[in-house]
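1. output the structure for:
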Amino acid sequence: MLGLYDPADSTDWGPIRAAQLNAGRALALFLLASNVVGAAITVLIGQRLVPLWMLASWGILAGGVATAVTLRRLDNRHRDIASAPLATVRNTVWDGIALGMVWAVPPLVFGERFEMASALGMWIVVSVLMTASAVAMAALPLATISFLAVVGAAISYMLFTVSGPLLAGAAMLFTLLLILDCFGNAKALVVMRANEIAIAERDETVSLLLNDTEDQSADWLWEIDTSRRVVRASPRFAFAVGMDPAAINLQPFLQILAGARWETGHFSVSFRELAERLTAREAFRDLVVPVQVKGEERWWELAATPRVDDNGVFIGFRGVGSDVTERRASADKINRMARFDMLTGLPNRLLITETLARAVADAEKWRSRCAFMMIDLDRFKAVNDSLGHQVGDRLLGRVSERLGQLMPDHEMVGRLGGDEFAVVIRNASDSAAVEKLAMTIIDTLSRPYDVDDHTLYIGASVGVAFGPRDGKTTETLIRSADLALYRAKDAGGGTVRVYEPQLHKDAEDRRVLEIALRQALQKGELHLQYQPVVNANTAQISGFETLMRWNSPEFGDVPPSRFIQLAEEARLIAQIGDWALRTACIEAARWPTHISVAVNVSPDQLHNPQFVSTVASALASSGLAPSRLELEVTESVFLHEGTAAMQVLERIIDLGVKLSLDDFGTGYSSLGYLSRTRFSTIKIDRSFVTGAARQVPEAIAIIRAVVALAESLGMATTAEGVETDEEHKMVLNLGCTRVQGYFFGRPLPVEEARAIATRARASVANAA
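-> Numbering: from 1, shown residues only. Reported below is the predicted structural model:
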């Protein structure tokens, strides 16, 4: 109890010492107040007899020591501890000695100046302080007894010198009584805590037995009478509700569970069901209700059966209960994880779909309108590919924050996945307001972002569908919004499109066209045409560029601008591209050896490491020299950082195949990849040729810059789209080495291209 040593038995005294510290902590502020008030009264008593500087110095010392002792009692390390070491209680003796020595100063130092009245006043002050300390520090008897002994001895000495042995003896007797009382209180605390530990251990044993024999989920027993008042409350039940076992008996059961809600009347559905079951005297189980325990909401799972006496008269309920707060929190967390996006914290596809289903049902019920927006970020893939997924994830977080700030009350914004978001608008009676919100979303998301020292610019496209006009079910409404979004992206992005019935027809036409395209290769409907590429100085043919054509019995001549994009989106471009490569190599092998063939290659092909083997196989099977094959790639290939495209290109170059950079300057041009990749040719887009022909200064400057760049890197330049003699002379004067366009030949069928190649062989022979 005193903290001097641990008894030589198996009892764990750590929890008892923790109870002593917690009890001392509870009255620490009371102890501080007692010392401050006592010091103030002492100063008043001695102000006429003791120099002011001495009183002030002592008052400051007393306040400082009392504050230090109080802070030690309130130390966070001792907050709610379950077990305390022996040294922690033993060291509290220094608190008592320090306070005792401080309060020994007035009787011993100032006492010789006191008169009889002042000495008696001092005795009263010290007696009150000693009593207060005995109360405040009774839980820590070693510190309290030390304080009482030091102060009692000092005040007894003062009284002896002032008035004689009578008052001194009375002071000593008073001190002894306080010490005995403190010892008794401390002992009572230790005994009470030891009994609580024993009861808890017994209750735990009973609970384990109940768990084994009655209900595996039971944690404690409860029992109520016909008036729904608690009877024979078990210690564990009392502990669960945070009340004393004796005080809880005959208290209304529902009021105990409701806590502060009892006065307001705001009860949950499950709590009302509990009250109804008790009123109806019906058995129940697995009923989860919210309860208030010390101001904190907990969740209990209750089960009970009505009790009757020998005569069949109802006498109350007996049941079992279990605290399932943590289990419910885990279930809520799992439910949240299932319905909320982990990256952005926004609702995910599941919750969005559920919310949209309710909105569509309400719109049908009340004959109103709801709306569904699909949002797709523009240029996000370029950020993700160039700066990495971590920056992309942080950017998505910033986007979600902006979207959340834009949403009106009762509307939901969520993330569908990737860089797609969605908005559910429950009341869309004002279609203009919905479209205005969509434009606001685009404007807001298009503002720059600062992420990891990068200033990023993206945009957004929005597709909107109104229910039930554009879809009476969740699936059809989402599909309609998706079609509208596709149209917005197809228009270049950064815009809003509202669903129209024509979009569904276009989508159906596209689906039918895709089915036909999947069969076109097997049916031999695809063929290649060849457009001549000539030397800019001599106008002699140096090669042909292969161009894909599709003649469908059902759709006629389908333009490449339509089916090439469809092939890329349908993941057919690699299969079609491989066929085109093999066919072009076989045909070029029949041409004169000085004529090359150029084949366009898609990014999908270059992202496949097996494409190198495809090229090698096409060359080997056709017998075409690698130097006569030129693969044309676009700048979009280099937007996919971290892919195998660069390695694939290097391996293709190592085969001896040439590379041509197509449409340079029309996309995301970068000089970096020109230095990293060994291109043989840069092709200048027709738009620059046409502009230069109209004497547009910028177009002329761009062509000159490209030519100078190509010459410095040892590359040739091919001007595309030359249609007149004037354009030919212009690009020749600007330094282009090769020319391609209708002025020298349109895309030709294979027979005509082969004939031109044969004449070119004869022309070379005659020149020789």
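2. what segments of the stretch 251-400 of the chain are helices?
-> Assigned by DSSP state H, counting those that start in this stretch, the helices in the stretch 251-400 of the chain fall at 253-258, 261-264, 269-280, 325-339, 349-366, 380-387, 389-406.
3. and those, which one's lowest on average pLDDT?
-> Lowest mean pLDDT within the helices of the stretch 251-400 of the chain: helix 325-339, a mean of 78.
4. buried residues, it. List them.
-> The neighbour-count criterion (16 or more other CB atoms under 10 Å) identifies Thr325, Arg328, Arg339 as the buried residues of helix 325-339. In short, each C-beta sits where N, CA and C put it, glycine included.
5. possible to save those as CSV with distance to Glu475?
-> CSV is the format used below for these (distance: CB to CB, whole Å):
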residue, distance to Glu475
Thr325, 39
Arg328, 33
Arg339, 19
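6. and the residues you listed, which is closest to Glu500?
-> If you rank the buried residues of helix 325-339 by distance to Glu500 using CB to CB, Arg339 comes first, at 32.2 Å.
7. check what pLDDT Ile248 gets.
-> 83.
8. then Ile45?
-> Confidence score, pLDDT, at Ile45: 77.
9. number of nearby residues for the nearest residue to it once chain neighbours are set aside?
-> Nearest non-adjacent residue to Ile45, counting by CB to CB, 6 or more residues apart in numbering: Gly121, 4.8 Å away. The number of residues packed near Gly121 is 17, by other CB atoms under 10 Å.
10. and Gly121, what element?
-> helix 116-136 (DSSP states H and E).
11. which residues does that helix contact?
-> 24, 27-28, 30-31, 34-35, 38, 41-42, 45-46, 49, 99, 103, 106-107, 110-111, 114, 144, 147-148, 151-152, 155, 158-159, 162-163, 167, 171, 174-175, 178, 181-182, 185 (CB atoms under 8 Å, 6 or more residues apart in numbering).
12. restricted to strands, list these.
-> Among the contacts of helix 116-136, no member falls in strands (criterion: DSSP state E).
13. what subset of the residues you listed is buried?
-> 24, 27-28, 31, 34-35, 38, 41-42, 45-46, 99, 103, 106-107, 110-111, 114, 144, 147-148, 151-152, 155, 158-159, 162, 167, 171, 174-175, 178, 181-182, 185.
14. residues contacting Thr344?
-> Thr344 neighbours (CB under 8 Å, 6+ apart): Leu396, Gly397, Val399, Ser400, Arg415.
15. of the residues you listed - the most surrounded one?
-> Ranking those using other CB under 10 Å puts Arg415 first, with 25 neighbours.
16. beta partners for Val558?
-> Trp550 (DSSP bridges).
17. pretty sure it sits against Met548.
-> No - counting by CB atoms under 8 Å, Met548 is not a contact partner of Val558; they are 10.3 Å apart.
18. center of this protein, which residue is that?
-> Leu343 (4.0 Å; CA atoms, centre = their mean).
19. farthest residue from the center of the chain?
-> Taking CA atoms, centre = their mean, the residue of the chain most remote from its mean C-alpha position is Gly164, at 78.6 Å.
20. pLDDT wise, what is that residue at?
-> Model confidence at Gly164 (pLDDT) stands at 78.
21. OK, contacts around it?
-> With CB under 8 Å, 6+ apart, Gly164 has no contacts at all.
22. now do Leu274
-> Leu254, Leu257, Phe284, Leu287, Val289, Leu302.
23. now do 6 Å
-> Leu287, Val289 (CB atoms under 6 Å, 6 or more residues apart in numbering).
24. what are the boundaries of the strands in the stretch 551-700 of the chain?
-> 556-558, 596-600, 629-634, 658-664, 681-684 (DSSP state E, counting those that start in this stretch).
25. ok, which of these comes nearest Gly463?
-> strand 556-558 (26.1 Å).
26. now the closest one: buried residues?
-> Neighbour-count burial for strand 556-558 flags Val558 (criterion: 16+ other CB under 10 Å).
27. same check, this time on stretch 118-137
-> 118-123, 125-127, 129-130, 132-137.
28. ok, now stretch 536-550?
-> Ala536, Ile541, Ser542, Gly543, Phe544, Glu545, Thr546, Leu547, Met548, Arg549, Trp550.
29. next up, the contacts around the fifth one.
-> Taking CB under 6 Å, 6+ apart, we find Phe544 in contact with Tyr530, Pro532, Val597, Ala753.
30. report the contact partners of the third one.
-> With contacts defined as CB under 6 Å, 6+ apart, Val597 is in contact with Phe544, Ala584, Ala588.
31. with the second one instead?
-> For Pro532, the set of contacting residues under the criterion of CB under 6 Å, 6+ apart consists of Ile541, Phe544, Phe744, Gly745.
32. ok so the second one is a helix residue?
-> No - read with DSSP: H, G, I helix; E, B strand; the rest coil, Phe544 is strand and lies in no helix.
33. any idea what it is bridged to?
-> If you apply DSSP bridges, the partners that Phe544 bridges to are Pro532, Val597.
34. for it, give me the pLDDT.
-> Value for Phe544, per-residue pLDDT: 95.
35. got it, and the first one?
-> pLDDT recorded at Ile541 is 91.
36. please apply the same query to Ala644.
-> Listed pLDDT for Ala644 reads 67.
37. related to what we said a few turns ago, which of the contacts of helix 116-136 fall within helices?
-> Mapping the contacts of helix 116-136 onto helices (DSSP state H) picks out 24, 28, 30-31, 34-35, 38, 41-42, 45-46, 99, 103, 144, 147-148, 151-152, 155, 158-159, 162-163, 167, 171, 174-175, 178, 181-182, 185.
38. with His389 as the reference, measure out to Ile145.
-> 68 Å (CB to CB, to the nearest Å).
39. distance of Gly417 from Arg349?
-> Distance from Gly417 to Arg349, by CB to CB: 6 Å.
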